[in-house]
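In: Predicted structure and sequence below. I'll ask about it afterward.
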Amino acid sequence: MKKYLLILFLASIFASTSCQSPESSSATNPSASSSEMVVLASWNEGSAKQAIIDYVTDVTNPTSANFIPVEDRIATFDNDGNLWSEQPAYFQLFFAMDRVKAMAVEHPEWKEEQPFKAVLENDMKTLMTFGEHGLLEIVMATHSGMSTEEFEQIVLEWLASSKHPRFDRPYNELIYQPMLELLDYLRANDFKTFIVSGGGVEFMRPWVENAYGIPTDQVVGSSIATEFEYNDGNPIIKRLPKIDFIDDKEGKPVGINKFIGKKPVFASGNSDGDLQMLQWTDSNKHKSFQLYLHHTDADREWAYDKDSSIGRLDKGLEEASSKGWTVIDMKNDWKVIYPFELN
């Protein structure tokens, strides 16, 4: 979801809350020691899995020259296409379009007013002709004008009632089982895991802790402007129709520095929008690990990279090859994609 929803939409043009608790977000237990865990159980044996285990074993060994103190074990993960799916469009795009439809009764003029008319008629071709101005208009109309608490409730209700068009399951069931296991494995070895995403931070916060075991204060994302209102003794934070921060591309290292305050030693992404985050991690004085997820499984998920308008992976793949970063081949490295495949 690049450049909050604006870049999310432009990328598309031009190129129920989970019932699991944080302690049971995957087949493994994040509170268990690494010796008690079945390490990366949904991963096939191969170079990607072994590289991760070798790295973690090395940097957590007090006798190793590469030992990293616990306080410096920062791991950052992109969300869209890296922790959950992002096709056939970013999930927050579906949310914004559903919001237009839900709000249409209060805006009868939208039936004839573009770009809202195109959304109401499910006319994606026409919608995309309105470019940056029209898409920004949709974002501001659907993501502002309410308090942060009200927006959180709207997100939760949408997740509970909406289903993915291909899988017919709630969007937050389309999270990656192997990545859940990786998060657990890192936390079991005293890494602190963060989401660093181009998606809206307040779109993610209501559900990520249940889904991934990542607390809300460890989520960095794009945001719209807000303001404090005392509201006759009932203080609220109100969401405004104005972009505040874009957590994408060069914005990711900036966001990491601004909100985390430490350079990661482990970073994971799936697109060129994550490249600068991986470059920033690669410059750490400690031994670092850069991980790309390459979508190669058209049968179980999707197969796409440099020619995709969503989650484009081109320059990142080239740099991963030249620098020896680890690349996950989804089709060959993962036994399963989603947790529901285990049932």
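Out: Yep, it's here. Numbering: from 1, shown residues only.
In: Name the nearest residue to Tyr171, sequence neighbours excluded.
Out: Phe91 (4.8 Å; C-beta to C-beta, 6 or more residues apart in numbering). C-betas here are computed from N, CA, C, even on glycine.
In: got a list of what the one you found touches?
Out: Asp80, Trp84, Ser85, His164, Tyr171 (C-beta atoms under 8 Å, 6 or more residues apart in numbering).
In: how about 10 Å then?
Out: 1, 8, 79-80, 84-85, 158-159, 162, 164, 171-172, 174, 199, 203 (C-beta atoms under 10 Å, 6 or more residues apart in numbering).
In: the strands in the stretch 51-200 of the chain, which residues?
Out: Secondary structure of the stretch 51-200 of the chain (DSSP state E, counting those that start in this stretch): strands at 74-77, 192-200.
In: so is Ile237 in a helix, a strand, or just coil?
Out: Here Ile237 is recorded as strand under DSSP: H, G, I helix; E, B strand; the rest coil.
In: same deal with the one 3 residues further on?
Out: Secondary structure, three-state DSSP: Leu240 is strand.
In: do the one 3 residues further on as well
Out: Under the three-state scheme (three-state DSSP), the conformation of Ile243 reads as strand.
In: That one contacts Leu136, correct?
Out: Yes - Ile243 is within contact range of Leu136, at 8.3 Å (criterion: C-beta atoms under 10 Å).
In: so who does the closest residue to Val208 other than its chain neighbours touch?
Out: Excluding its sequence neighbours, the residue lying closest to Val208 (C-beta to C-beta, 6+ apart) is Ile214, at 5.3 Å. Contact analysis of Ile214 by C-beta under 10 Å, 6+ apart lists 22, 25, 77, 79, 83, 183, 187, 192-195, 204-205, 208.
In: sorry, back to before: go through the contacts of Phe91 and name the one nearest Arg300.
Out: Ser85 (10.6 Å; C-beta to C-beta).
In: List the contacts of the spatially closest residue to the closest one that is not a sequence neighbour.
Out: In this structure, Ser85 finds its nearest non-sequential neighbour in Leu174, 4.5 Å apart by C-beta to C-beta, 6+ apart. For Leu174, the contact set (C-beta under 10 Å, 6+ apart) comprises 83-87, 91, 163-164, 166-167, 301, 337-340.
In: Next one, pLDDT for Leu174 please.
Out: pLDDT, Leu174: 98.
In: Could you tell me the phi and psi values at it?
Out: phi -90, psi 50 (degrees, to the nearest 10).
In: rewinding a little: got a PyMOL select line for the buried ones in the contacts of Phe91?
Out: Restricted to buried positions by 16 or more other C-beta atoms under 10 Å, the PyMOL selection for the contacts of Phe91 reads:
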select buried, resi 1+8+79+80+84+85+158+159+162+164+171+172+174+199+203
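In: tell me which of the contacts of Phe91 is nearest to Trp110?
Out: Using C-beta to C-beta, the contacts of Phe91 come closest to Trp110 at Trp158, 18.7 Å.
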